[in-house]
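>>> A predicted structure for the sequence below; I have some questions about it.
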Amino acid sequence: MVTFPLKFIIVLLATFFIGIFLTPLVRLLAFKIDAVDYPNARRINKKPMPSAGGLAVVSAFSIATLIFMPMIVQVSLHGKTYFEYVWPVVVGGGAIALTGLIDDVKELAPLPKLIGMIIAASLIWFLTDFHLSDFKFPFGGPHLFFPPWLSFILTIIWIVSITNAVNLMDGLDGLVSGVSIISLLTMGIVSYFFLPDHNLFLTLTIFVLVAAIAGFFPYNYHPAIIYGGDTGALFIGFMISVLSLQGLKNATAVAVVTPMIILGVPIADTFLAIVRRKLSGKKIYQPDRGHLHHRLLSLGLTHRGTVLVIYGISLIFATISLLLNISSRVGGVLLVIGLLFGVELLAELIEVLGPNRTPLLNLLRFIGNSSYREEVRQRWKNKKHK
């Protein structure tokens, strides 16, 4: 008799090889439908590159979850079979993938793309119980319960924000797919070992998604022969946001903070981009070349080196999120403080916020450099005399 773990491994391998097989076909399709990234001032590629490679990920994931997984998962969870649990998630993912595909072919304006995200997120709200219905403030804070209308708004904001954050990170070969694999593997470990309300369906779905992305990854890693495009970035970001809601809906401080730390790279990069654009007087959705990968490239790192550095940063976030689940309250507070300190320090060192916006470095210099302290005191005196 074949055990369930062996059956699941076979499904994961099948999902991986479906991605391997479909990606070259999607590459040909991308050229046919003109889902192609042509070189411009913001893009890294020097020649036209087929996009919409995310279709391979969407297809592999959908086949595995709708066909293979219901064949091997015979148990029910909270009165639902695996198929009943997962089909609304696939429908929402299909809606966001369609939005991304249209954008890859036609280049949608920000508003139609946002409407597509809201529609996909609304499908999740109405078809599933993946709701942000309560929130426990970390480290001893109050526990808030939200009325349905507010829960709906907060759920949409979470899904759209994380989806956008992952999409904005998509600027180098293998960046989104690699960082997503790291984040999802961490989410899978946390969901299996640390969530108070154990949800086996969630863990299984996360690892199937990892296998689907892994099948696309060899074609997307530098030097890439196909991009995931908005089809891939929006779908992966959407799935991460939806699956992470299962952790956010748990009424524990660690469950609230953990998904935010796991997704630290896209969240931090997006937050810093918003701050940078506000400080520069630009609209928050106006593209620029100040993202983390742009800044690392400007420091002289190679394309591959930049991607590997960001993978390393993602692994640090992932490790901290795991440590948080086994730490005491004091240890958890110190981990979060140290993480925030490190993010700000890195952002200032590589000037993600822009040149001369380094309050933390200035403070450290003031503490550790007597000549700089004297210089600052002199400037303060001159200001008072004016």
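In hand now; what should we look at?
>>> Distance-wise, check the spatially most central residue of the chain relative to S180.
Note on the chain: the residue nearest the mean C-alpha position is V166, at 4.2 Å, using CA atoms, centre = their mean. V166 is 7 Å from S180, where distance means CB to CB, to the nearest Å. (Each C-beta comes from the backbone N, C-alpha and C, glycine too.)
>>> Can you work out which residues contact both of the two?
Residues touching both V166 and S180 (CB atoms under 8 Å, 6 or more residues apart in numbering): 236, 240.
>>> Run through the residues that contact A347.
Residues near A347 by CB under 8 Å, 6+ apart: 268, 272, 353.
>>> Name the helix or strand for the second one, please.
Right, the one you point to is L272. L272 is part of helix 264-279 when elements are defined by DSSP states H and E.
>>> Okay, buried residues for that helix please.
Applying a neighbour-count criterion of 16 or more other CB atoms under 10 Å, one finds 264-270, 272-273, 275-277 buried in helix 264-279.
>>> Serialize those to a markdown table and add fields for pLDDT and distance to I326.
Shown next, in a markdown table, are these (pLDDT from 0 to 100; distance: CB to CB, whole Å):
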| residue | pLDDT | distance to I326 |
| --- | --- | --- |
| G264 | 83 | 18 |
| V265 | 83 | 22 |
| P266 | 82 | 25 |
| I267 | 83 | 22 |
| A268 | 83 | 23 |
| D269 | 83 | 27 |
| T270 | 81 | 28 |
| L272 | 81 | 29 |
| A273 | 79 | 32 |
| V275 | 80 | 32 |
| R276 | 80 | 35 |
| R277 | 78 | 38 |
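>>> re earlier: just the CA trace of whichever helix or strand comes after the helix holding L272, in PDB.
Downstream of helix 264-279, the next assigned helix or strand under DSSP H and E is helix 292-298. Presented in PDB, the C-alpha positions along helix 292-298 are these (Å, rounded to 0.1, in the frame of the first residue of the first chain):
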ATOM      1  CA  LEU A 292      16.500  47.500  -3.700                       C
ATOM      2  CA  HIS A 293      17.700  45.600  -6.800                       C
ATOM      3  CA  HIS A 294      18.300  48.900  -8.700                       C
ATOM      4  CA  ARG A 295      20.400  50.300  -5.800                       C
ATOM      5  CA  LEU A 296      22.500  47.100  -5.500                       C
ATOM      6  CA  LEU A 297      23.200  47.100  -9.200                       C
ATOM      7  CA  SER A 298      24.300  50.800  -9.000                       C
END
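>>> Averaged pLDDT, helix 292-298. What do you get?
Across helix 292-298, the average pLDDT comes to 79.
>>> how far out from the middle of the chain is that helix?
Taking CA atoms, centre = their mean, to the nearest Å, one finds helix 292-298 lying 18 Å from the centre of the chain it belongs to.
>>> Provide the contact partners of it at residue level.
So helix 292-298 is contacted by 44, 169, 171-172, 175, 265, 268-269, 272, 303, 305-307, 309-310, 350-352 (CB under 8 Å, 6+ apart).
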